[in-house]
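>>> fold the following for me, if possible:
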Amino acid sequence: MTLGINKFLTKNLDHDYATRLLTRPISGSILIDLNDFISSPSVSINPNGNSAILHQYPFSPFVFLEHNPAFDPAQIIPGKGVSLKFDFNFQSAPEADDEFGVFLIDQSGVPLGTPFEFFTVDSIKGTLSFNLSSLPSNPVGLVIILTDIDFIGDIRDSSVTISNVQIFSNDSTQRPISILQTTPT
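Numbers count the residues shown, from 1 in each chain. Down below sits the predicted model:
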């Protein structure tokens, strides 16, 4: 049976993705390439895919970086002891009414809700971690968004840097969401 699944995966999926699925460690981590995400025009993604900067955009109140499992290869697959973790640095411009948000979505694009979301209007940096153990093993997506709440078409230089997005396995003791090592900026 396993050989048949391996043949199906390698025949029907991108080779690199199929290799990652078939060789996913029981314990350890897998970095997620942000170049596989869709994004707003003002998002700068590092060529190696390990980080991205979301800058405000003058023509839209929303700037996003999104992995939607309906359109992209399924990179985030929940399971027992599986967590999604990444570093962030949200810099809200002075006198700005901006919000940084992160949430997980299902294959239909519907947000999974609390406890799989995080929003803040305060400048803050740290590590965000979601425990995916309680979810079914269907692929989920990740949406990172910078919102200009009082949008009037100006740019106040708020930004969010995201880096080291990775899937960890074999960590079933974690709460559904935790913010580690946060520091006001």
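
>>> can you find the helix or strand in the chain with the smallest mean pLDDT?
helix 2-12 (a mean of 43; mean pLDDT, DSSP states H and E).

>>> now do the end-to-end distance for stretch 70-80.
End-to-end span of stretch 70-80 (C-alpha to C-alpha, to the nearest Å): 22 Å.

>>> got the buried residues for that stretch?
By 16 or more other C-beta atoms under 10 Å, the buried positions in stretch 70-80 come out as 72, 74-78. Every C-beta, even on glycine, is put in place using the N, C-alpha and C of the backbone.

>>> adding secondary structure, pLDDT and distance to residue 32, write those out as TSV.
Formatted as TSV, those follow (DSSP: H, G, I helix; E, B strand; the rest coil; pLDDT from 0 to 100; distance: C-beta to C-beta, whole Å):
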residue	secondary structure	pLDDT	distance to residue 32
72	coil	72	10
74	coil	63	11
75	coil	79	5
76	strand	88	7
77	coil	87	11
78	coil	90	14
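
>>> from the chain's centre, how far out does stretch 38-46 sit?
Offset of stretch 38-46 from its chain centre (C-alpha atoms, centre = their mean, to the nearest Å): 13 Å.

>>> and the contacts of it?
Residues from elsewhere that reach stretch 38-46 (C-beta atoms under 8 Å, 6 or more residues apart in numbering): 34-35, 37, 51-57, 60, 62-68, 71-72.

>>> contact partners of the longest strand that the chain contains?
Secondary structure assigned by DSSP state E gives strand 159-169 as the longest strand of the chain. Applying C-beta under 8 Å, 6+ apart, the contact partners of strand 159-169 are 24-32, 34, 50-56, 65, 75-77, 79, 81-91, 100, 142, 144, 146.

>>> show the buried residues in those residues.
Here, 16+ other C-beta under 10 Å leaves 30, 32, 34, 50-56, 65, 75-77, 81-91, 100, 142, 144, 146 buried among the contacts of strand 159-169.

>>> this protein: helices as residue ranges?
2-12, 15-22 (DSSP state H).

>>> mind checking how far the residue most central in space within the chain is from residue 118?
Centroid-nearest residue in the chain: residue 142, 4.0 Å away (criterion: C-alpha atoms, centre = their mean). According to C-beta to C-beta, to the nearest Å, residue 142 stands 11 Å off from residue 118.
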